[in-house]
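K.L.:
Based on what follows, work out the 3D shape:
(2 chains, ligands or ions: 1)
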Amino acid sequence: MRIHVSLLCVMIFCDSLAWAQSSAPVASALQASNVLNPNVSVIGWFQGESGQRKLGEGEEAPPAFQLKEAEIAFQSVVDPYARADFFVAVEPSEEKVDLEEGYLTWFNLPYDLALKVGKFKGNFGKFNRTHTPETAFSDRPIVHEKYFGEEGLSSMGGSLSWHVPNPWIFVDLNAEVLNMPKFSEVPAFDEARRKDLLYIGRLSGYYDLTESANFTLGTSYVHGSSGQEFDAISSSSKTLASQLYGLDITFRWKNPQRAIYRSFFWQTEAFWNKREISSLPSVKSFGLFTHLEYQFLRRWRVGGRYDWSESPSDDSQHEAGGLLYLTFAPSEFSLISVQGRQIKKPTGETENVGFLKITFNIGPHGAHPF
Amino acid sequence: MKKLAIGLVALIFSADVYASSKLQVVTTTEDLAALTREVGGDWVEATSIAKGSMDPHFVDAKPSYLLRLKRADLFIQVGLELEVAWAPPLLTNARNSKILPGNQGFLEASENCEILQKPTGQVDRSMGDVHPLGNPHFWLDPANGRIIALNISNKLSELDPSHAEDYKKNLALFQTRLTQKEKEWDRLVPELKGLKVVTYHNSWPNFAKRFGIQVVNFVEPKPGIPPSPAHVQSLIHQIKTEKILLILMEPYFDTKLPQKIAQETGAKLAIFPPSVGADKNIKTYLDLFDFGLKLLKNALSRSGEKS
Ligand SMILES: [Zn+2]
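P.N.:
As a prediction, the model looks like this:
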């Protein structure tokens, strides 16, 4: 079974007919029913936590040990024009099974376009689209949690991407229209009326400085609503707006002649939000995180993150913090990370928490996102 | 604002000006690019994504490669999951339907080649990062190079029938030169016959089979798994007891550990090129074997002097 799944991995976007022709000797060793199965993989995320959380109202401290998530991915080509990606998150401690993402991508359109429809993570910044088990952290950066909630900015709709043709640098222009998420899920926005829409735009460029070093620069913008304002006199209501601006920069270094041994990574994202509030002046808030990582040996990485963030509903106070980690990866398919986090709460309290993050990946050899 | 718009439009149309009349071929490795140049001659421009000194298993799928893939008429990959971590995301993002698997502009070089070490029975990752379709380093047998060149020639003729005659001629020319070279190389075979070597990764089964060399063990205990102290100890023991003269390593691994093993055992360590471009003197597919065989011969004669 595992062989069959791995075989499919190679041909992940190949239509079945061509597959059968080009690797007839291999295909004959398989059952036809398996050949057309999608690529299935599972990432397990085990987490340990120690230390005293400084909890807000209604918050509950997590237990010492958790199987935070099992993320099951089904990925396959649909036909010669499109592929489909499904990510199911099973969170045992929350007693939740959730379709985290499920979308169809027509990657084969003319004019350098690609169109995506379904439920997916919005293309705002670079970090938002990464599933938490696959990030370097045991948590999400404070600014992401404050503005996008625990699961990130995600909703249902469509996304159109255009690779702006030019011979020099890689430029992607992206426009998305999504259902307005609820405040309880994505605190930067709130659904006012049933058919309210969220608009996301992103322009990003990638440039190779040298063979070893490169950077990506992106700007993002979201326009959404932040609830409704009722006018008692005219008994009419007005939708309040929330606008979010983002700037992100990612720098990478890796000697391609020694690709598996050393690398350096730096990423920073900043958020500016202007959120209208009923009969009060707009809340203008700001937040950022910056993340550095150095791979100093084939299987070892050390990294740190700095957080500073106000919240979309309160620009009078902020939270700041930092996370440090040391990660050991026995192979490409598993890793063990020890992390320490300190957060200075707006109340003046300091929270120190230690994490143990273990992730493990089964299934065919996945493609590495860049 | 208006100027910006005009500039943007000009930029978009200028992109097409860069399109050349030559058939644009993008390959995953330098070996495939070199073979494409042999067969394509003046009608083809071939570039490789991975350089010869890079590990073809681990290449970052950088967006800058997409610019080249977008303009490509033909994409050639080694196949057998060698590029599984980086070629699929590049192809799906290139916005170039011509070069997608199953379409005319996609070629898998391994077609009809002799593939060794196809696993029989259960395969799982307790065996390391195994290649479940067989060893993908098959281009290191000139007989497979001949087949790859034929595959490329057929594909170029299909894409560009007006120059099909030239591709056939170039192929015949290349094959004649290869046959001549093979005769030259064959004269070395008796000398190399039974030569026992240790290699870092399992990159040379086809090469070893063709030239009568015996790869007795690897510095990696399992493919893609870094060596453990216990494995290194048993390897040192094996090299000493079996009197192995040579440790061959790919240019993209750290030399520290193999150097230590060589020092402790007296074996000679050589950076052995697995690809065109791995050394600046290896410019063509034929150079690859010339260089490698000369290196083996020199290493042998020198260790012969020592004993
Ligand atoms: Zn390999």
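K.L.:
Identify the nearest residue to the residue nearest the centre of chain B in space, disregarding sequence-adjacent positions?
P.N.:
Taking C-alpha atoms, centre = their mean, the centroid of chain B lies closest to B:S275, which sits 4.7 Å from it. Spatial nearest neighbour of B:S275, chain neighbours left out: B:G52 (4.0 Å); criterion: C-beta to C-beta, 6 or more residues apart in numbering or on different chains. In short, each C-beta sits where N, CA and C put it, glycine included.
K.L.:
Check what pLDDT that neighbour gets.
P.N.:
B:G52 carries a pLDDT value of 95.
K.L.:
who are the neighbours in contact with it?
P.N.:
B:29-31, B:273, B:275-279, B:282 (C-beta atoms under 8 Å, 6 or more residues apart in numbering or on different chains).
K.L.:
One more: B:L188?
P.N.:
B:211, B:293, B:296-297.
K.L.:
between the residues you listed, which is nearest chain A?
P.N.:
Nearest to chain A among the contacts of B:L188: B:L296, at 23.0 Å, using C-beta to the nearest C-beta.
K.L.:
any idea which element the closest one lies in?
P.N.:
Using DSSP states H and E, B:L296 falls within helix B:285-306.
K.L.:
Stretch A:233-247 - what's its average pLDDT?
P.N.:
Across stretch A:233-247, the per-residue pLDDT values average to 90.
K.L.:
Outline the domain layout of chain B.
P.N.:
B:19-177, B:184-302 (automatic domain parsing).
K.L.:
what distance separates the shortest one from the middle of the whole chain?
P.N.:
The offset between the C-alpha centroid of domain B:184-302 and the centroid of the whole chain comes to 16 Å, using C-alpha atoms, centre = their mean, to the nearest Å.
K.L.:
Over to the residue of the stretch 201-350 of chain A found nearest chain B. Which of the three states is it?
P.N.:
Proximity of the stretch 201-350 of chain A to chain B (C-beta to the nearest C-beta) peaks at A:Y206, 4.1 Å away. Recorded secondary structure, A:Y206: strand (DSSP: H, G, I helix; E, B strand; the rest coil).
K.L.:
For chain B, which segments count as helices?
P.N.:
According to DSSP state H, chain B carries its helices in the segments B:2-17, B:30-40, B:63-70, B:87-93, B:142-159, B:164-186, B:189-192, B:205-211, B:229-241, B:256-265, B:285-306.
K.L.:
Might you list the low-confidence residue ranges for chain B?
P.N.:
The model of chain B has pLDDT under 70 over residues B:1-20, B:302-307.
K.L.:
Which of the contacts of B:G52 are buried? Put it as a ChimeraX command.
P.N.:
Only the buried entries of those go into this ChimeraX selection, using 16 or more other C-beta atoms under 10 Å in any protein chain shown:
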select /B:29,30,31,273,275,276,277,278,279,282
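K.L.:
nearest spatial neighbour of B:R177, skipping sequence neighbours?
P.N.:
Nearest non-adjacent residue to B:R177 (C-beta to C-beta, 6+ apart): B:L286, at 6.6 Å.
K.L.:
how far away is that neighbour from chain A?
P.N.:
24 Å (C-beta to the nearest C-beta, to the nearest Å).
K.L.:
burial measure for that residue, as a count.
P.N.:
The local packing of B:L286 (other C-beta atoms under 10 Å in any protein chain shown) involves 22 other residues.
K.L.:
if I pick it, what's in contact with it?
P.N.:
Going by C-beta under 8 Å, 6+ apart, B:L286 touches B:177-178, B:181.
K.L.:
Please check these and keep the buried ones.
P.N.:
By neighbour count, with 16+ other C-beta under 10 Å, those hold B:178, B:181 as buried.
K.L.:
Which single one of the contacts of B:L286 is nearest to B:N154?
P.N.:
B:L178 (16.9 Å; C-beta to C-beta).
K.L.:
List the residues that contact that closest one.
P.N.:
Applying C-beta under 8 Å, 6+ apart, the residues contacting B:L178 are B:142, B:145-146, B:149, B:286.
K.L.:
got a winner among the residues you listed for most neighbours?
P.N.:
B:G145 (27 neighbours).
K.L.:
what about the residue in the stretch 51-200 of chain B positioned nearest to chain A, neighbour count?
P.N.:
Closest residue of the stretch 51-200 of chain B to chain A, C-beta to the nearest C-beta: B:G102 (3.1 Å). Neighbour count of B:G102, defined by other C-beta under 10 Å: 17.
K.L.:
so it sits right up against A:Y81, yeah?
P.N.:
No. Counting by C-beta atoms under 8 Å, B:G102 sits too far from A:Y81 to count as a contact (11.4 Å).
K.L.:
that older thread, the domains of chain B into CSV, with extra columns for distance to A:G224?
P.N.:
Below are these laid out as CSV (distance: least, C-beta to C-beta, whole Å):
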stretch, distance to A:G224
domain B:19-177, 28
domain B:184-302, 45
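K.L.:
which of the ones you listed sits most buried?
P.N.:
Ranked by mean neighbour count, the domains of chain B are led by domain B:19-177 with a mean of 20 (mean count of other C-beta atoms under 10 Å in any protein chain shown).
K.L.:
got the residue ranges for the strands in the stretch 101-250 of chain A?
P.N.:
Along the stretch 101-250 of chain A, counting by DSSP state E, counting those that start in this stretch, strands occupy A:113-121, A:154-163, A:170-179, A:197-208, A:213-231, A:236-253.
K.L.:
A:E185: which of those is closest?
P.N.:
Of the strands of the stretch 101-250 of chain A, nearest to A:E185 by C-beta to C-beta is strand A:154-163, at 8.2 Å.
K.L.:
what comes up buried for the closest one?
P.N.:
By 16+ other C-beta under 10 Å, the buried positions in strand A:154-163 come out as A:154-155, A:157, A:159-163.
K.L.:
got the angle for it vs strand A:170-179?
P.N.:
Interaxial angle of strand A:154-163 relative to strand A:170-179 (axes from the mean of the first three to the mean of the last three C-alpha atoms, to 10 degrees): 150 degrees.
K.L.:
Looking at the contacts of B:L188, which is nearest A:G48?
P.N.:
Closest to A:G48, out of all of these and judged by C-beta to C-beta, is B:L296, at 52.1 Å.
K.L.:
From A:T132, how far out is that closest one?
P.N.:
According to C-beta to C-beta, to the nearest Å, B:L296 and A:T132 sit 50 Å apart.
K.L.:
How about stretch A:131-141, which residues are buried there?
P.N.:
Buried, per 16+ other C-beta under 10 Å, within stretch A:131-141: A:131-133, A:135-141.
K.L.:
Which pair in those residues has the greatest spatial separation?
P.N.:
Greatest spatial distance among these (C-beta to C-beta): A:P133 and A:P141, at 15.3 Å.
K.L.:
got the CA coordinates for the helix holding B:L296 in PDB?
P.N.:
Taking C-alpha atoms only, helix B:285-306 is exported to PDB below (Å, rounded to 0.1, in the frame of the first residue of the first chain):
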ATOM      1  CA  TYR B 285      28.400  13.600 -20.800                       C
ATOM      2  CA  LEU B 286      31.600  11.900 -22.100                       C
ATOM      3  CA  ASP B 287      33.800  14.100 -19.900                       C
ATOM      4  CA  LEU B 288      32.000  12.700 -16.900                       C
ATOM      5  CA  PHE B 289      33.200   9.100 -17.500                       C
ATOM      6  CA  ASP B 290      36.600  10.300 -18.800                       C
ATOM      7  CA  PHE B 291      37.100  12.200 -15.600                       C
ATOM      8  CA  GLY B 292      35.800   9.500 -13.200                       C
ATOM      9  CA  LEU B 293      37.700   6.600 -14.800                       C
ATOM     10  CA  LYS B 294      40.900   8.600 -14.900                       C
ATOM     11  CA  LEU B 295      40.400   9.500 -11.200                       C
ATOM     12  CA  LEU B 296      39.900   5.800 -10.300                       C
ATOM     13  CA  LYS B 297      43.000   4.700 -12.300                       C
ATOM     14  CA  ASN B 298      45.200   7.300 -10.700                       C
ATOM     15  CA  ALA B 299      44.000   6.400  -7.300                       C
ATOM     16  CA  LEU B 300      44.600   2.800  -8.000                       C
ATOM     17  CA  SER B 301      48.200   3.300  -9.300                       C
ATOM     18  CA  ARG B 302      49.100   5.500  -6.400                       C
ATOM     19  CA  SER B 303      47.800   3.100  -3.800                       C
ATOM     20  CA  GLY B 304      49.700   0.400  -5.700                       C
ATOM     21  CA  GLU B 305      52.900   2.300  -5.200                       C
ATOM     22  CA  LYS B 306      52.300   2.600  -1.500                       C
END
